[in-house]
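K.L.:
fold the following and give me the result.
(one chain, ligands or ions: 1)
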Amino acid sequence: MTNPFENALRQLQGAARVGEFPGDLIEKLSRAEKEITVTIPVRMDDGTLRFFEGYRVQHCNWRGPYKGGIRFHPDADIDEVRALALWMTMKTAVSNIPMGGGKGGVVVDPKALSASELERLSRGFVRALWRDIGPQVDVPAPDVNTTPEIMAWMSDEYTKLSGDQTGATFTGKPVGQGGSEGRGTATGLGGFYVFDAVRERAGIEEGASIAIQGMGNVGGHAAEIFTAHGYKVVAMSDSKGGIYKEDGLDPKAVEKYKEEHRSLAGFPDAKEISNAELLELSVDVLVPAALENQITAENASRVSAKLILELANGPTTPEADEILHQRGIAVVPDILANAGGVIVSTLEWEQNLANEQWEEGKVLAKLKETLVPQADLIWQKATEKKIPLRVAAFMVALDRLASAQVQEG
Ligand code: GLU
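P.N.:
Alright, predicted model coming up:
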């Protein structure tokens, strides 16, 4: 099954079966509180007018404002954004930060737009949506293909339309334009903190071998961070394909090569591999850091890693989860492993509201303090109850959501 929202619902139901949760809770979380679809008219450079479809799904705000990124992707659709919004509710609850869950998407291939078209699209999305967002309502952020620069355009447009001067409606802005130190690397670094917290218990040696799928903000930084800590990143890939080198790649050199050649093909002394092959490499740790539905019923039996660290959202389907659990392969779930991004986003929001700018050291210390105890808690729960880490993480989130739930009369 590859409909991401159906997969998200199956994960929710899986956790509901193991724990004792009020029936209403699961029913409520199985749907979004509000879904907005907008049309964004954009004047293209050649003078023609094009219309783009955009979504914002506001899933749950019991614990704080809706929070989650905006994705620009040609395959974005409402079911994907619904799933991503539900995962954000779980992620903010797992992180125990004062935020709810939401997500946005625009159906567009941003690589096919000029910079000024991209700016008009970004501002147009905010014009269509601004009455439904705000520092205490819904706080969007970057996701796949959306950059700090795009957040700066969106934040500026929101300020002009609303008059709100806090800059706290969009996070992931550039440092110097209201952004936080540490936000750029936060998702990759948070993933490393989580990995480091569970590594020994997962039976993985320091300096182990890692394969990373995806070279966006998350995968690119993760490769550098793991390498800086003495791990051997043997494979990396972008959307077109990957490369493998048994004694380890230099992520910075790979990034540079990709920038110059727009592709990894031909990278010196490395073997070219497909994304499918990358997932099946014999490595200690597999890090999917691209899109959903990569590890499925079809290939899960061939995954040879000992541990999967999900830096993408939804890379493993429920069928694959079952196969991996039976095979004893630990999956550190997205809602824990990639929570570093939204945690530092929330610190950015706090800084904006207080009109402060914190030093990087302070931000990263707070990130670690927030994430590591949750990784410990989830590992413990999973071991005690002999359940997958994902189920344990959902249970932790559901407990917190249950206490935050407002009872209907
Ligand atoms: N898009 C990121 C995620 O999936 C970050 C969200 C945020 O910073 O609000 O968690």
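
K.L.:
so who does the residue of the chain found nearest the ligand touch?
P.N.:
At 2.8 Å from the ligand, Gly69 is the closest residue in the chain, using CB to the nearest ligand atom. Where C-beta positions appear, they are placed from N, C-alpha and C, glycine not excepted. Taking CB atoms under 8 Å, 6 or more residues apart in numbering, we find Gly69 in contact with Leu84, Lys103, Gly104, Pro140, Ala141, Pro142, Asp143, Val144, Thr146, Gly172, Gly341.

K.L.:
likewise for Leu161?
P.N.:
Val126, Arg127, Trp130.

K.L.:
residues from the stretch 251-400 of the chain in reach of the ligand?
P.N.:
Residues of the stretch 251-400 of the chain lying close to the ligand (CB under 6 Å from any ligand atom) are Asn313, Asn338, Gly341, Val342, Ser345.

K.L.:
could I have the CA atoms of stretch 37-50 written out in CSV?
P.N.:
Below are the C-alpha coordinates for stretch 37-50, written out as CSV (Å, rounded to 0.1, in the frame of the first residue of the first chain):
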residue,chain,number,x,y,z
THR,A,37,-6.8,24.0,-0.8
VAL,A,38,-5.8,27.1,-2.6
THR,A,39,-5.2,28.2,-6.2
ILE,A,40,-2.1,30.3,-6.6
PRO,A,41,-2.0,32.4,-9.8
VAL,A,42,1.6,33.1,-10.9
ARG,A,43,2.7,35.5,-13.6
MET,A,44,5.5,33.6,-15.4
ASP,A,45,8.6,35.4,-16.9
ASP,A,46,7.2,35.0,-20.4
GLY,A,47,4.0,36.9,-19.4
THR,A,48,1.7,33.9,-19.3
LEU,A,49,-0.4,33.2,-16.2
ARG,A,50,-0.1,29.8,-14.6
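
K.L.:
quick thing: my sequence starts at 25, can you match it?
P.N.:
Sure thing, new numbering starts at 25, so read that last one as stretch 61-74.

K.L.:
which residues does that stretch contact?
P.N.:
75-80, 102, 130, 138, 140-141, 144-145, 148-149, 151-153.

K.L.:
return the set of buried residues in that stretch.
P.N.:
Val62, Ile64, Val66 (16 or more other CB atoms under 10 Å).

K.L.:
number of nearby residues for Lys264?
P.N.:
12 (other CB atoms under 10 Å).

K.L.:
repeat for Gly187
P.N.:
Neighbours around Gly187, by other CB under 10 Å: 7.

K.L.:
let me know the pLDDT of it.
P.N.:
Looking at Gly187, its pLDDT stands at 98.

K.L.:
repeat for Gln431
P.N.:
Reported pLDDT for Gln431: 76.

K.L.:
just Asn337 next, same as before
P.N.:
98.

K.L.:
for Leu53, see how far away Leu33 is.
P.N.:
9 Å (CB to CB, to the nearest Å).

K.L.:
so what sits against both of those two?
P.N.:
Leu110.

K.L.:
tell me which of the two has more neighbours.
P.N.:
The neighbour comparison of Leu33 against Leu53 (other CB under 10 Å) goes to Leu53, with 26 against 19.

K.L.:
wait, isn't that one in contact with Leu36?
P.N.:
Yes - look at Leu53 against Leu36 with CB atoms under 8 Å: they come within range, at 6.2 Å.

K.L.:
which neighbours do these two share?
P.N.:
Joint contacts of Leu53 and Leu36 (CB under 8 Å, 6+ apart) are Leu110.

K.L.:
how about Phe308, nearest residue that isn't a chain neighbour?
P.N.:
Quick fix: residue 308 is Asp, not Phe. Spatially, and ignoring its direct neighbours in sequence, Asp308 is nearest to Ala232 (3.7 Å; CB to CB, 6 or more residues apart in numbering).

K.L.:
just Gln160 next, same as before
P.N.:
Pro89 (5.7 Å).

K.L.:
just checking, the one you found touches Ile121?
P.N.:
No - applying CB under 8 Å, one finds Pro89 not in contact with Ile121, separated by 10.9 Å.

K.L.:
neighbour-wise, which of those two wins?
P.N.:
Neighbours were counted for Pro89 and for Ile121 using other CB under 10 Å; Pro89 has more, 23 against 20.

K.L.:
so who does that one touch?
P.N.:
Contacts of Pro89 by CB under 8 Å, 6+ apart are Met123, Gly124, Gly158, Pro159, Gln160, Val161, Asp162, Val163.

K.L.:
with Val366 instead?
P.N.:
Neighbouring residues of Val366 by CB under 8 Å, 6+ apart: Lys91, Gly92, Met112, Lys115, Thr116, Ser119, Ile121, Met123, Ala165.

K.L.:
inside helices: which ones of those?
P.N.:
Using DSSP state H, the members of those that fall in helices are Met112, Lys115, Thr116, Ser119.

K.L.:
please enumerate the strands of the stretch 75-224 of the chain.
P.N.:
Using DSSP state E, counting those that start in this stretch, the strands of the stretch 75-224 of the chain run over 90-97, 125-131, 162-166.

K.L.:
if we can go back for a sec, pull out the buried members of the contacts of Pro89.
P.N.:
The buried subset of the contacts of Pro89 - by 16+ other CB under 10 Å - is Met123, Gly124, Gly158, Pro159, Asp162, Val163.

K.L.:
out of these, the closest to Thr341 would be?
P.N.:
Closest approach between those and Thr341, by CB to CB: Gly124, at 25.5 Å.

K.L.:
surely the closest one is in contact with Thr113?
P.N.:
Yes - between Gly124 and Thr113 there is a contact under CB under 8 Å: 6.0 Å.

K.L.:
okay, the residues of the stretch 275-424 of the chain next to the ligand in JSON lines with distance to Gln381 and secondary structure next?
P.N.:
Below are these laid out as JSON lines (distance: CB to CB, whole Å; DSSP: H, G, I helix; E, B strand; the rest coil):
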{"residue": "Asn337", "distance to Gln381": "29", "secondary structure": "coil"}
{"residue": "Asn362", "distance to Gln381": "25", "secondary structure": "coil"}
{"residue": "Gly365", "distance to Gln381": "19", "secondary structure": "helix"}
{"residue": "Val366", "distance to Gln381": "20", "secondary structure": "helix"}
{"residue": "Ser369", "distance to Gln381": "15", "secondary structure": "helix"}
